[in-house]
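Trainee: Everything below, folded, please.
(2 chains)
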Amino acid sequence: MSKSVIEMPPKGGFSFDLCKRNEMLAKKGVSPPSFRKTGTTIVGLIFQDGVILGADTRATEGPIVCDKNCEKIHYMAPNIYCCGAGTAADTEAVTDMVSSQLQLHRYHTGRESRVVTALTLLKRHLFNYQGYVSAALVLGGVDVTGPHLHTIYPHGSTDTLPFATMGSGSLAAMAVFESKYKEGLTRDEGIKLVTEAICSGIFNDLGSGSNVDICVITKGGKEYLRNHLQPNPRTYTSSKGYSFPKKTEVLLTKITPLKEKVEIIEGGDAMEE
Amino acid sequence: MDLNMDLNAPHSMGTTIIGVTYNGGVVLGADSRTSTGMYVANRASDKITQLTDNVYVCRSGSAADSQLVSDYVRYFLHQHTIQLGQPATVKVAANLIRLLSYSNKNMLETGLIVGGWDKYEGGKIYGIPLGGTLIEQPFAIGGSGSSYLYGFFDQAWKEGMTKDEAEQLVVKAVSLAIARDGASGGVVRTVVINSEGVTRNFYPGDKLQLWHEELEPQNSLLDILNSPSPEPMNI
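Mentor: Predicted coordinates:
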């Protein structure tokens, strides 16, 4: 009995067998567990002094909003920030990982990190996983060579643009940018335009909502404006607050302060077996 | 929710890419549209990437695959140049691309056109389509828009053109393909490589010649309400 395909020993590198199994199961009707996605509208634009990044703050788990105020603008380096759309775990993990790699690289070279370094590290990682790491990123920063803005797609391709949008709300935000963007915007004009674009995503896309986060990066430094705009405040809160019904019996009242007391023993004995 | 599925599709460059030799060098040309499903993800992308000072490559197919392949080849060519002690030849660059494309033919989806000038062979164009064959040609076309250009080149191509004739031919060809292919659009970028060096040119989409049934660009009547009209992006 001769087989037409010879069994080869595994070559190394990532094995995509389980991914194929998942696709086969999905076809048979077995639905995968729902995971948290950041539906998202994320944007970035270059203005006269640097880069402005913006993001909404809604995280969804299927049809449910699981976090009304999550942070989608991740720290990469003191001069580089990255907005993430797609699976929340993937964007967090990949940006944390590359942020650590950049820090080690800074120690090694003794210089400020460059945006293209972060770009290459991210795109290599995402390409190696062939799109299964579902992270779509908008990377922006200012380094010695000037301001840079890049988009990175889950399959590992990158684009360099003066203004960019990603996520489910990207079409709504891009419509705002395409009609109002011009070169040489001032800081206030840039923030206003980014806020408009994110609001367009928040109000017109079901996967985006809640508040607007902004991050302004210039040569001098960065400004992280968390919840710069809150166009969806919680209305109709009862002024009376909550009180237990009068007949409830109070059995025990115990208040535990949450401060830990740590004792430092100077010159303790060495550990002995 | 159909829109969501389309936005997660891998980026492919619908594309029209062209490489043409003339007496003294080569002219490479490409459109600038990168699409994800039906959405144009980047309307001003640069598909002509530098490998060395004298060799450039036009990329088509999957954006991620073509970017990574050209990054690896740029790295190998840099090492090769250091070891050799002189600029790499176009043939070496094309062969490196072919080695990667052929050995990974099951995983990659990218068609490339390598063009450049070296002192031994002059201007050369090499086409490396999907399976990883390497073919040296006087002119090469690739991408989805190239289907509309085979007949055009059969008629319009001649040996021994001058630099300006060759560049005009490339611009005309890309512009014709953009007119008929939905997956190509944006601007026309060209790169001219000869013994003197490299020149990059840019032809905005609205300045191209109009073909059959194409209309003059009309300003929206809304511009009368909000004067002045928006300024075009400078790239």
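Trainee: so residue B:157 sits right up against residue B:138, yeah?
Mentor: Yes - with contacts defined as CB atoms under 8 Å, residue B:157 counts as touching residue B:138 at a distance of 7.5 Å. All C-beta spots, glycine's among them, are computed from the backbone N, C-alpha and C.
Trainee: Between the two, which contacts overlap?
Mentor: Residues touching both residue B:157 and residue B:138 (CB atoms under 8 Å, 6 or more residues apart in numbering or on different chains): residue B:20.
Trainee: Which stretches in chain B count as helices?
Mentor: Under the criterion DSSP state H, chain B contains helices at B:2-7, B:63-84, B:90-103, B:150-156, B:163-180, B:222-225.
Trainee: TSV for these, including distance to residue B:123, mean pLDDT and mean neighbour count?
Mentor: Formatted as TSV, the helices of chain B follow (distance: least, CB to CB, whole Å; pLDDT from 0 to 100; neighbours: other CB atoms under 10 Å in any protein chain shown):
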stretch	distance to residue B:123	mean pLDDT	mean neighbour count
helix B:2-7	40	46	13
helix B:63-84	18	96	18
helix B:90-103	8	97	20
helix B:150-156	17	96	11
helix B:163-180	10	95	20
helix B:222-225	45	65	9
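Trainee: how about these, which one is nearest chain A?
Mentor: helix B:63-84 (3.5 Å; CB to the nearest CB).
Trainee: I'd like to check which residues are in contact with residue B:205.
Mentor: B:178, B:185-188.
Trainee: Of those, which belong to strands?
Mentor: Counting by DSSP state E, the contacts of residue B:205 place residue B:188 in strands.
Trainee: Which pair of the contacts of residue B:205 spans the longest distance?
Mentor: Within the contacts of residue B:205, B:185 and B:188 form the most distant pair, 10.1 Å apart (CB to CB).
Trainee: how far does stretch B:198-213 sit from the chain's center?
Mentor: Centroid separation for stretch B:198-213 versus its chain: 14 Å, with CA atoms, centre = their mean, to the nearest Å.
Trainee: just the residues of chain A that are near chain B, which are they?
Mentor: Neighbours of chain B within chain A, by CB under 8 Å from any CB of the partner chain: A:120, A:123-124, A:126-127, A:131, A:134, A:151, A:153-159, A:161-162, A:168, A:170-171, A:179-183, A:207.
Trainee: Tell me which stretches of the stretch 1-150 of chain A form helices.
Mentor: Along the stretch 1-150 of chain A, counting by DSSP state H, counting those that start in this stretch, helices occupy A:17-28, A:88-109, A:115-128.
Trainee: which residues are contacting the second one?
Mentor: Yep, that's helix A:88-109 we're talking about. With contacts defined as CB under 8 Å, 6+ apart, helix A:88-109 is touched by A:35-38, A:59, A:70, A:72, A:74-77, A:80, A:82, A:84-85, A:112-113, A:117-118, A:121-122, A:125-126, A:133-135, A:137.
Trainee: Format the CA atom coordinates belonging to it as CSV.
Mentor: Taking Å, rounded to 0.1, in the frame of the first residue of the first chain, the C-alpha atoms of helix A:88-109 are listed here in CSV:
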residue,chain,number,x,y,z
ALA,A,88,-9.1,43.1,22.9
ALA,A,89,-6.8,40.4,24.2
ASP,A,90,-4.8,40.4,21.0
THR,A,91,-4.3,44.2,20.8
GLU,A,92,-3.3,44.4,24.5
ALA,A,93,-0.9,41.5,24.3
VAL,A,94,0.8,42.5,21.1
THR,A,95,1.2,46.2,22.2
ASP,A,96,2.5,45.2,25.6
MET,A,97,5.0,42.7,24.1
VAL,A,98,6.3,45.2,21.5
SER,A,99,6.4,48.0,24.2
SER,A,100,8.7,45.7,26.3
GLN,A,101,10.9,44.9,23.3
LEU,A,102,11.2,48.6,22.6
GLN,A,103,12.3,49.3,26.1
LEU,A,104,15.0,46.6,25.9
HIS,A,105,16.1,48.1,22.6
ARG,A,106,16.3,51.6,24.2
TYR,A,107,18.6,50.2,26.9
HIS,A,108,20.7,48.5,24.3
THR,A,109,21.1,51.5,22.0
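Trainee: out of the contacts of residue B:205, which one sits closest to residue B:69?
Mentor: Of all the contacts of residue B:205, residue B:69 sits closest to residue B:186, with 22.4 Å by CB to CB.
Trainee: Quick check: closest non-adjacent residue to that closest one.
Mentor: residue B:32 (3.5 Å; CB to CB, 6 or more residues apart in numbering or on different chains).
Trainee: any idea how far the one you found lies from chain A?
Mentor: With distances taken as CB to the nearest CB, to the nearest Å, residue B:32 is found 11 Å from chain A.
Trainee: pLDDT value on that residue, please?
Mentor: pLDDT for residue B:32: 95.
Trainee: Filter the contacts of helix A:88-109 down to the buried ones and express that as a PyMOL selection.
Mentor: A single PyMOL command selects the buried members of the contacts of helix A:88-109 (16 or more other CB atoms under 10 Å in any protein chain shown):
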select buried, chain A and resi 37+38+59+70+72+74+76+77+80+82+84+85+113+117+118+121+122+125+126+133+134+135+137
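Trainee: What residues are bridge-paired with the spatially most central residue of chain B?
Mentor: With distances taken as CA atoms, centre = their mean, the residue of chain B nearest its centroid is residue B:30 (3.2 Å). In this entry, residue B:30 is beta-bridged to residue B:17, residue B:189, by DSSP bridges.
Trainee: Hmm, residue B:44 and it touching each other?
Mentor: No - here residue B:30 does not reach residue B:44: they are 11.7 Å apart, not a contact under CB under 8 Å.
Trainee: coming back round to it: give the contact list for the residue nearest to the centre of chain B.
Mentor: If a contact means CB under 8 Å, 6+ apart, then residue B:30 has B:15-18, B:47-48, B:58, B:143, B:174, B:188-189 as its contacts.
Trainee: ok, the closest residue to chain B within the stretch 151-273 of chain A - how many residues close by?
Mentor: When scored by CB to the nearest CB, the stretch 151-273 of chain A has residue A:157 as its residue closest to chain B, at 3.5 Å. Neighbourhood size, residue A:157 [other CB atoms under 10 Å in any protein chain shown]: 27.
Trainee: Mind pulling up the pLDDT for it?
Mentor: Note for residue A:157: predicted pLDDT of 94.
Trainee: Same check on residue B:40?
Mentor: pLDDT, read off for residue B:40, is 90.
Trainee: Please apply the same query to residue A:249.
Mentor: What the model reports for residue A:249 is a pLDDT of 86.
Trainee: I'd guess it is in a strand, am I close?
Mentor: No - per DSSP: H, G, I helix; E, B strand; the rest coil, residue A:249 lies outside any strand segment and is coil.
Trainee: and it, how many neighbours?
Mentor: 5.
Trainee: show me the residues around it that make contact.
Mentor: By CB under 8 Å, 6+ apart, no residues touch residue A:249.
Trainee: now it: how far from residue B:39?
Mentor: 62 Å (CB to CB, to the nearest Å).
Trainee: So which of the contacts of residue B:30 is the closest to chain A?
Mentor: The closest of these, once distances to chain A are taken by CB to the nearest CB, is residue B:47, at 11.2 Å.
Trainee: ok, for that closest one, nearest residue in space, not its chain neighbours?
Mentor: Nearest to residue B:47 is residue B:30, by CB to CB, 6+ apart, at 4.1 Å.
Trainee: what about the stretch 51-200 of chain A, any weak spots by pLDDT?
Mentor: Filtered on pLDDT under 70, the stretch 51-200 of chain A yields no residues whatsoever.
Trainee: Would you check how far apart residue B:65 and residue B:108 are?
Mentor: Residue B:65 is 5 Å from residue B:108, where distance means CB to CB.
Trainee: no no, residue A:187
Mentor: Applying CB to CB, the value for residue A:187 to residue B:108 is 44 Å.
Trainee: Compare neighbour counts for these two and give me the winner.
Mentor: residue B:108 (20 against 15).
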